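Undergrad: Generate coordinates for the sequence data below:
(one chain, ligands or ions: 3)
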Amino acid sequence: MFASVLINTTAKKLNKVFDYIVPKDMEDILQIGDRVWVPFGKGENLSEGYVEGFKEKSEFANKEIAKIEDSILSKKNVELARLMADKYFCNVQDCIKLMLPPGQATKNLSRRTREKTARFVYLALPREIIQNDLAEGKIKSEKHQRLLSFLLDNDGIDVSDLEAITEVSKSVMKTIEKNGYIKFEYEKIERNPLSHKKRKKDNKLVLTEEQQDAFDQISFMIDNDEYAQFLIHGVTGSGKTEIYLQLIEKVLEKGKNAMVLVPEISLTPQIIDRFIARFDEPIAVLHSRLSDGERLDEWTKIKEGRARIVIGARSAIFAPMENLGILIIDEAHDGSYKSDMQPRYNAKDLAKYIASENNIPLVLGSATPDIVDYYKAQNGDINLITLTKRANNSKLPEVKIVDMRQEIAIGNRSMFSLELQDAIAENLKNKKQTILFINRRGFSTFVMCRDCGEALKCPNCNISLTYHSFENKLKCHYCGHEERVPDICPNCGSKKIKYFGSGTQKVENEISKLFSEATTIRMDIDTVSKKNSHEEILNRFKEEKIDILIGTQMVAKGHHFPNVTLVGIVAADGSLNIGDYRAEERTFQTITQVSGRAGREKDKGKVFIQTYNPDNYAIVCSSKNDFKTFYDGELHLRKSLNYPPFCDIILIRVHSKFENKVHNISSRIYNELLKQKDNNLYVFKPVPSPIDKIQNTYRWRIVVKGRLNKKAIKTINSALKPIYDENLNKDVTIVVDSNPNSMM
Ligand code: ADP
Ligand code: ZN
Ligand code: ZN
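TA: Ligands and ions are numbered 1, 2, ... in the order given. Predicted structure coming up:
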């Protein structure tokens with residue numbers, strides 16, 4: 001008998017499988033997924049590998065498998081890894097790594113996993129020095145500037161959160177560390193992530209008619225052991241979580257287990273609490289704020305069948321949970337389900353695969369569905385369930401758009417409009433709570449006119465140009481168009497053209513000036529820097545009745561504060577100009593989510609959206625809670641410009657220290673792609689990336705638009721094959737990212 005073995009090499013040749021002879025004494029015990037040692041390459045060296053399959057014949061096998069190391073992986077794991085390697089154009093080893101016990105990756109990978117334990121990032125120099133170096137242009141790289149500016153407001157933040165928010169990779173952070181600006185600190189964390197929780201029992205609620213209908217449809221699939229994908233589009237507070245809880249109860253009664261994915265940043269204590277309060281069955285929690293030790297404990301608990309429910313962020317999709325009965329993805333529109341690191345997988349795709357393999361329902365839930373998911377629902381690929389009412393009969397808040405251009409016109413230079421100031425005063429008087437929200441995404445990277453609200457856009461792509469301070473240029477992240485920053489607004493001629501952004505600290509200072517009697521609490525990334533402080537802040541806000549919660553994206557999701565009746569969106573425009581075709585979608589989502597925090601119980605809520613773009617349809621539709629109109633408009637636009645869901649966007653990045661190699665390999669890949677004559681794909685010419693040089697590494701990229709179907713995957717893999725085969729990619733990194741979160 002022969003076994004094909006995936007060798008654990010970091011070699012650039014992707015995913016080569018080699019045949020080995022299975023020694024007689026191993027024949028009965030060796031299984032697919034087993035980790036083995038095999039002779040590989042010159043000399044007596046043994047390499048690690050994984051058994052991928054068995055065969056009766058092999059023309060190539062001439063050496064024997066030397067030793068079985070362990071059998072942690074299953075056949076299913078290996079199949080999934082294989083599928084991912086193909087679909088996400090990556091090394092199969094990187095996929096396997098995701099399925100191994102945390103902190104126990106194989107030799108070649110162990111160094112990388114250990115790095116993950118660098119948990120918190122702090123400024124290593126006094127703020128003044130860093131501010132000064134930034135101001136004097138001593139920090140050249142745009143990424144370094146971005147990261148440091150962010151840390152100035154959010155010192156001491158979890159490294160993964162920092163990466164997710166600033167889109168600066170951990171390897172770049174390493175360089176900034178080397179330059180002496182930041183330091184990583186390891187903080188010891190207790191092993192049971194749920195141990196501090198007090199358990200308060202709670203009983204299931206009688207479902208509303210809409211909830212019951214949703215429950216019944218999904219329940220039907222559970223009864224019949226059938227796969228189906230559902231999208232629950234329910235307004236904020238419509239009781240989606242209650243539906244999940246009751247579906248899970250049903251699955252548990254059936255003797256099966258449940259998996260729930262929630263976004264990384266909003267893996268809120270409140271969500272976990274609701275599960276703990278409802279179920280006696282053991283729950284495992286997996287997310288990046290756990291230590292390696294904790295994560296290993298949770299992983300083992302699942303592997304040994306001691307957990308019935310797993311709740312986790314993106315990578316929890318790889319949790320070794322057997323006997324699954326349902327898979328739920330909450331806030332399914334959230335960008336964190338797509339990985340920005342190798343392998344660049346999308347947990348939603350994998351969930352679909354796993355659900356259909358297991359014949360179980362996959363439930364996506366959102367108040368603001370992803371345009372692509374909703375499009376699939378419209379086409380019948382996903383079953384759409386709509387919840388139009390809040391479950392506890394509270395009314396949706398009254399929303400008002402405030403035109404900040406008018407405020408400037410009447411001489412109000414404060415960050416708060418007069419109306420919002422009045423509403424805050426009123427709320428303070430009535431002892432009600434207020435949330436003030438700042439949209440931090442893409443802060444100060446775009447240029448906008450303060451008089452007419454116009455952001456500068458690319459003439460070719462209709463996407464906001466991104467400001468690159470070092471070169472003082474505006475660039476398009478899609479087609480590579482660039483231009484100088486104009487002195488006057490091309491739309492209205494005003495000189496009040498500036499970079500945008502305001503921080504939570506600024507808001508807090510201004511509040512204390514305007515309302516000295518108000519108690520405030522800030523919740524931005526620095527509050528999650530300490531274990532559980534995220535939770536403490538939310539609890540303090542709730543229980544101590546602190547008047548005003550000031551925060552970024554984190555305050556937007558999932559929370560339920562009965563006493564909050566006012567939400568002020570201080571600057572709604574932040575995400576309108578992120579240099580991405582999803583800018584409007586992100587804006588709609590964020591505003592709707594934040595607005596949904598207001599008036600969730602008896603007292604009706606009020607929301608003020610402050611903006612320089614009061615006519616923008618994302619803002620107008622979100623103010624009316626009108627997803628359908630927004631969706632129709634957005635879809636129309638996407639169709640005319642050919643953006644997803646009408647195509648996929650595949651980004652091929654080529655990076656190297658050698659400028660000529662970047663050019664050569666980029667144009668070689670481009671030509672290979674053209675040679676494939678796949679007319680389903682439109683291949684743009686290679687251009688420098690928006691940030692075209694970082695730390696002496698040149699960065700180019702090729703944008704490909706088209707359907708990423710089996711044929712396209714084959715086309716791209718075939719185009720890359722000669723490059724790998726001829727070893728042309730020495731000193732060059734090639735990364736393929738489909739539908740990336742960011743075009744940087
Ligand atoms: P969503 O997840 O859609 O935002 P939640 O599940 O958090 O909504 O529900 C919002 C509020 O409504 C919660 O306070 C919840 O306890 C309450 N709720 C949910 N379902 C019901 C129900 N059937 N009857 C009464 N209250 C409900
Ligand atoms: Zn203007
Ligand atoms: Zn463009």
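
Undergrad: tell me which element residue 507 falls in.
TA: helix 504-514 (DSSP states H and E).

Undergrad: What parts of this protein come near ligand 1?
TA: 205-208, 211, 234, 236-242, 391-392, 560 (CB under 6 Å from any ligand atom). Backbone N, C-alpha and C define where each C-beta goes, glycine included.

Undergrad: closest to ligand 2 among those residues?
TA: Distance to ligand 2 across the residues of the chain next to ligand 1 (CB to the ion) is lowest for residue 236, with 34.1 Å.

Undergrad: buried subset of the residues of the chain next to ligand 1?
TA: 207-208, 211, 234, 236-242, 391-392, 560 (16 or more other CB atoms under 10 Å).

Undergrad: So which of those sit within helices?
TA: Among those, DSSP state H puts 211, 240-242 in helices.

Undergrad: Turn those residues into JSON lines, columns for distance to ligand 2.
TA: Output for these, formatted as JSON lines (distance: CB to the ion, whole Å):
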{"residue": "211", "distance to ligand 2": "48"}
{"residue": "240", "distance to ligand 2": "41"}
{"residue": "241", "distance to ligand 2": "44"}
{"residue": "242", "distance to ligand 2": "47"}
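
Undergrad: For those, work out which two are farthest apart.
TA: Distance extremes for these: the farthest pair is 211 and 241 at 10.4 Å, using CB to CB.

Undergrad: Common neighbours of these two, please.
TA: Here residue 211 and residue 241 have no joint contacts, going by CB atoms under 8 Å, 6 or more residues apart in numbering.

Undergrad: can I get the buried ones among the residues of the chain next to ligand 1 in CSV with pLDDT and distance to residue 487?
TA: Below are these laid out as CSV (pLDDT from 0 to 100; distance: CB to CB, whole Å):
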residue, pLDDT, distance to residue 487
207, 95, 60
208, 95, 57
211, 97, 56
234, 94, 48
236, 82, 43
237, 83, 47
238, 91, 49
239, 93, 53
240, 94, 49
241, 93, 51
242, 95, 55
391, 87, 53
392, 82, 54
560, 77, 48
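
Undergrad: Export these as TSV, with columns for distance to ligand 3.
TA: Converted to TSV, those look like this (distance: CB to the ion, whole Å):
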residue	distance to ligand 3
207	48
208	47
211	45
234	36
236	34
237	39
238	38
239	43
240	38
241	41
242	45
391	44
392	46
560	41
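
Undergrad: Secondary structure class of the closest residue to residue 613 other than its chain neighbours, three-state.
TA: Excluding its sequence neighbours, the residue lying closest to residue 613 (CB to CB, 6 or more residues apart in numbering) is residue 453, at 4.7 Å. Per DSSP: H, G, I helix; E, B strand; the rest coil, the secondary structure class of residue 453 is coil.

Undergrad: How about residue 103?
TA: Classification of residue 103 by three-state DSSP places it in coil.

Undergrad: same thing with residue 302?
TA: Following three-state DSSP, residue 302 is assigned to helix.

Undergrad: Residues contacting stretch 629-637, please?
TA: Outside stretch 629-637, the residues that touch it by CB under 8 Å, 6+ apart are 371, 374-375, 584-585, 588, 617-618, 621-622, 643, 645.

Undergrad: which among those residues are in contact with ligand 3?
TA: Among these, not one lies near ligand 3 by CB under 5 Å from the ion.

Undergrad: wait, which of the residues you listed is closest to residue 147?
TA: Using CB to CB, the contacts of stretch 629-637 come closest to residue 147 at residue 585, 25.6 Å.

Undergrad: burial measure for that closest one, as a count.
TA: By other CB atoms under 10 Å, 22 other residues sit near residue 585.

Undergrad: I'd say it and residue 371 touch.
TA: Yes - using CB atoms under 8 Å, residue 585 is in contact with residue 371, at 5.6 Å.

Undergrad: With just CA atoms, put whichever strand or helix holds residue 633 into PDB.
TA: Secondary structure from DSSP H and E places residue 633 in helix 627-641. What follows is helix 627-641, C-alpha atoms only, in PDB (Å, rounded to 0.1, in the frame of the first residue of the first chain):
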ATOM      1  CA  PHE A 627     -32.800  48.700   3.800                       C
ATOM      2  CA  LYS A 628     -34.700  47.800   0.700                       C
ATOM      3  CA  THR A 629     -34.400  51.200  -1.000                       C
ATOM      4  CA  PHE A 630     -30.700  51.300  -0.100                       C
ATOM      5  CA  TYR A 631     -30.200  47.800  -1.500                       C
ATOM      6  CA  ASP A 632     -32.000  48.500  -4.700                       C
ATOM      7  CA  GLY A 633     -29.900  51.700  -5.300                       C
ATOM      8  CA  GLU A 634     -26.700  50.100  -4.300                       C
ATOM      9  CA  LEU A 635     -27.400  47.100  -6.500                       C
ATOM     10  CA  HIS A 636     -28.100  49.300  -9.500                       C
ATOM     11  CA  LEU A 637     -24.800  51.100  -9.000                       C
ATOM     12  CA  ARG A 638     -22.900  47.900  -8.500                       C
ATOM     13  CA  LYS A 639     -24.300  46.500 -11.700                       C
ATOM     14  CA  SER A 640     -23.500  49.500 -13.800                       C
ATOM     15  CA  LEU A 641     -19.900  49.600 -12.500                       C
END
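
Undergrad: For that helix, the averaged confidence score.
TA: Across helix 627-641, pLDDT averages out at 94.

Undergrad: Near ligand 2, which residues of this structure? Just list them.
TA: 449, 451-452, 454, 489, 491-492, 494.

Undergrad: Most neighbours of all these, which one?
TA: Neighbour counts for those (other CB under 10 Å) peak at residue 449, which has 23 neighbours.

Undergrad: which ones are touching it?
TA: Residue 449 neighbours (CB under 8 Å, 6+ apart): 455, 489, 491-492, 494, 496-497.

Undergrad: Also residue 417?
TA: With CB under 8 Å, 6+ apart, residue 417 has these contacts: 402, 404, 407, 608, 610.

Undergrad: And for residue 435?
TA: Residues in contact with residue 435, defined by CB under 8 Å, 6+ apart, are 548-551, 555, 561, 564, 566-568, 594, 597-598.

Undergrad: show me where the stretch 151-300 of the chain has strands.
TA: Per DSSP state E, counting those that start in this stretch, the stretch 151-300 of the chain carries strands over the ranges 157-158, 182-185, 228-234, 257-261, 283-286.

Undergrad: For residue 461, find the nearest of the ones you listed.
TA: Closest to residue 461 of these is strand 228-234 (CB to CB; 28.9 Å).
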